[in-house]
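using only what follows, build the 3D model:
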Amino acid sequence: MQHDVTDVHIFQRMNGCFWDDETGEFEGFNAYSYDGEDLIRFDLKTLTWITPRHQTVINKHNWDNDGNGLFLKYALTEDCRHFLQLYLNYGKSSLQTTVPPSVSLLQKTPLSLVTCHATGFYPERVLMFWRKDGEELHEVTGEDWRRYDCVFQFSGLKDSITNRLDRALIRTNQGSSFQLYIGIAIGAVLMLLAVLVCAVFGTKRKNSSGL
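Presented below is the predicted three-dimensional model:
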C-alpha cells in the first residue's frame, strides 16, 4: 500500500482565554484552522461563528442554530477564568519570584548611540529608560556622560535598578576588532622579520662558502 505525502493536511483547534489580573482585561477564544489558515472562529460578542472561507459557510449556519452559543460563552469565560485563577494560585510561589536583570552598556562604534541592554529578568513586563539629572529622556549624547543613568524598573513596583553611564563599562565591537587588527599586524611584522633573518643568514652562509 502506497501513501502519497501530498494528501497530508493539518487541522487545528485552539481554545482558551487570556486574562490580565492587573487591568482586568479578558478575552476567550475558540477557533479552527486548516493547513495554517484561519477556518472558523467563535465570536463571544455576537455568540455566532465567523468564517473567512466559503467552504465552511454551511458549518457556520449549522453551528449558529444549534443552540450552543451560551454554553460556549460560559465555557470560554467563567470556566476558563476559574481554571486560570486556580493554576495561578498553584504556581504563585514561582510566578511571583522576581529575577533581577543583567544590564550592559553597548555601542557599535564611538559615533553610535549608547544602548542600555537588559537580559535574564522575570517577570517580562518592565520599564527601561535613560535619565539625565533625574529627568527621563530617550537617547544619550556624548556630553558629560556622568549625568546619565540607565533605569530598569519592573512594572507595578516603585523600586528601580539604576546604572550610571560609565565610559569604561561600555562594550563595543570596535575594541575587539581593533585588537584583532593589531594582532594580525604584529604577526605579519614578526613573519616578515623571520623571513629577513633567514634571507640574511642564507646570504652570509653563501658568501662564507665562496670565500
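
what is Arg171 paired to in the beta sheet?
Leu106 (DSSP bridges).

if I look at it, how far off is Thr77?
49 Å (CB to CB, to the nearest Å). Every residue, glycine included, has its C-beta placed from N, CA and C.

how does the protein divide up, domain by domain?
5-95, 102-171 (automatic domain parsing).

can those domains go into CSV with extra columns for mean pLDDT?
Shown next, in CSV, are the domains of the chain (pLDDT from 0 to 100):
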stretch, mean pLDDT
domain 5-95, 87
domain 102-171, 85
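
phi, psi of His82?
phi -60, psi -50 (degrees, to the nearest 10).

Arg164 pairs with what?
Applying DSSP bridges, one finds that Arg164 bridges with Asp149.

so where do the strands sit in this structure?
For the chain, the strands defined by DSSP state E cover 11-19, 26-34, 37-43, 48-50, 102-107, 115-119, 126-132, 135-137, 148-154, 160-164, 170-172.

from the chain's centroid, how far away is the fifth one?
Going back to what we said before, that points to strand 102-107. Computed by CA atoms, centre = their mean, to the nearest Å, the chain-centroid distance of strand 102-107 equals 16 Å.

neighbour count for Arg171 and Thr77, which is higher?
For Arg171 versus Thr77, neighbours defined as other CB atoms under 10 Å are more numerous around Thr77 (16 against 12).

ok, that one - contacts?
Residues in contact with Thr77 (CB atoms under 8 Å, 6 or more residues apart in numbering) are 17, 26, 28, 44.

residues near Asp21, how many?
10.

dump the residue contacts of it.
Contacts of Asp21 (CB under 8 Å, 6+ apart): Leu88.

how much space separates it from Tyr87?
For Asp21, the distance to Tyr87 - CB to CB - is 12 Å.

do the same with Glu27
17 Å.

need the contacts of Thr77 in JSON lines with neighbour count and distance to Ser94, can you?
JSON lines is the format used below for the contacts of Thr77 (neighbours: other CB atoms under 10 Å; distance: CB to CB, whole Å):
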{"residue": "Cys17", "neighbour count": "18", "distance to Ser94": "21"}
{"residue": "Phe26", "neighbour count": "16", "distance to Ser94": "23"}
{"residue": "Gly28", "neighbour count": "21", "distance to Ser94": "25"}
{"residue": "Leu44", "neighbour count": "18", "distance to Ser94": "31"}
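
just send the residues you listed back as TSV, with distance to His82 too.
Below are the contacts of Thr77 laid out as TSV (distance: CB to CB, whole Å):
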residue	distance to His82
Cys17	10
Phe26	12
Gly28	12
Leu44	16
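
closest to Phe129 among the residues you listed?
Phe129 lies nearest to Phe26 out of the contacts of Thr77, by CB to CB, at 29.8 Å.

contacts only, for the closest one.
Counted by CB under 8 Å, 6+ apart, Phe26 has contacts 17-20, 77, 81.

need the max-distance pair from those residues.
The widest separation within the contacts of Phe26 (CB to CB) is 14.4 Å, between Asp20 and Thr77.

other residues contacting stretch 107-119?
Here stretch 107-119 makes contact (CB under 8 Å, 6+ apart) with 101-106, 126, 128, 130, 139-140, 150, 152, 163, 165, 170-174.

out of the residues you listed, which end up buried?
101, 103, 105, 126, 128, 130, 140, 150, 152, 163, 165, 170, 172 (16 or more other CB atoms under 10 Å).
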